[in-house]
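> just coords:
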């Protein structure tokens, strides 16, 4: 009787520990906060396939200027603009990294993405400053690496197109350089 109980307990513990082990065969859902130059963002990656996610992000971008011409006089200005990003990502070397037993925690891999950004109405805006309403689409190549268990380094670059309400529509270079914390 005791031997049967002990055997059942050991088998149960083995399956319990295996369920907590990292499954390196597919990307995971991930919440994170990212910081880059003059912006702060909340980010959520939702896994839709073994190597693909939909990355959604709400970012707050701060802008300022000193001694700038606004309404025919020189002034300083401050602006805080929310931006929404929706980005399908394909982590093309995720499985290769996993097979070589490289770190894949927090979806650490190289990726291809199609970034779609839409700016919203400014939360803070100095009097007299005009802020463009921007919508852009930028294909990007990027990489994401985890430092330790929770800290993330991410960079991406691409060239796309921007549509806005003030200036002419134009080609747009996209560049991301973020440090983040995944939880």
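Happy to help now that I have it. These numbers come from a predicted model, not from an experiment.
> drop to CA atoms for contacts and neighbour counts, all remaining ones
Noted.
> show me what the spatially closest residue to residue 160 that is not a sequence neighbour is bridged to.
Distance criterion Cα to Cα, 6 or more residues apart in numbering; nearest residue to residue 160, sequence neighbours excluded, is residue 138 at 3.9 Å. Counting by DSSP bridges, residue 138 is bridged to residue 115.
> also residue 86?
residue 56, residue 116.
> neighbours around it, how many?
For residue 86, the count of nearby residues is 19 (other Cα atoms under 10 Å).
> how close does it get to residue 92?
Remark: distance between residue 86 and residue 92 (Cα to Cα, to the nearest Å) = 19 Å.
> neighbours around residue 53, how many?
23.
> outside of the helix or strand where it lies itself, which residues are in contact with it?
Taking DSSP states H and E as the criterion, residue 53 maps to strand 52-70. In this structure, residues lying in contact with strand 52-70 by Cα atoms under 8 Å, 6 or more residues apart in numbering are 27, 29, 38-48, 74-91, 128-129.
> the residue nearest to residue 160 touches residue 88, doesn't it?
No. Using Cα atoms under 8 Å as the test, residue 138 is too far from residue 88 to be in contact (11.4 Å).
> what do these two both touch?
114, 115.
> any stretches of this protein with poor pLDDT?
1-24, 67-72 (pLDDT under 70).
> show me where it has helices.
2-20, 94-99 (DSSP state H).
> need the residues that contact the shortest one.
Put plainly, it is helix 94-99. Contacts of helix 94-99 (Cα under 8 Å, 6+ apart): 24, 25, 26, 27, 51, 103, 104, 107, 108, 109, 110.
> let me see the contact set for the fifth one.
Think residue 51. Here residue 51 is in contact with 26, 27, 90, 91, 92, 94, 95 (Cα under 8 Å, 6+ apart).
> let's see 6 Å
26, 27, 90, 91 (Cα atoms under 6 Å, 6 or more residues apart in numbering).
> check the fourth one too.
The contact partners of residue 27, taken as Cα under 6 Å, 6+ apart, are 50, 51, 107.
> which non-adjacent residue is nearest the second one?
Residue nearest to residue 51 in three dimensions, not counting chain neighbours: residue 91, with 5.1 Å by Cα to Cα, 6+ apart.
> and for residue 57?
According to Cα to Cα, 6+ apart, the nearest residue to residue 57 is residue 43 (4.4 Å).
> what does residue 105 give?
residue 146 (6.8 Å).
> can you tell me how far the spatially most central residue of the chain is from residue 87?
The chain has residue 43 as the residue nearest its centroid, 5.3 Å off, counting by Cα atoms, centre = their mean. Residue 43 is 11 Å from residue 87, where distance means Cα to Cα.
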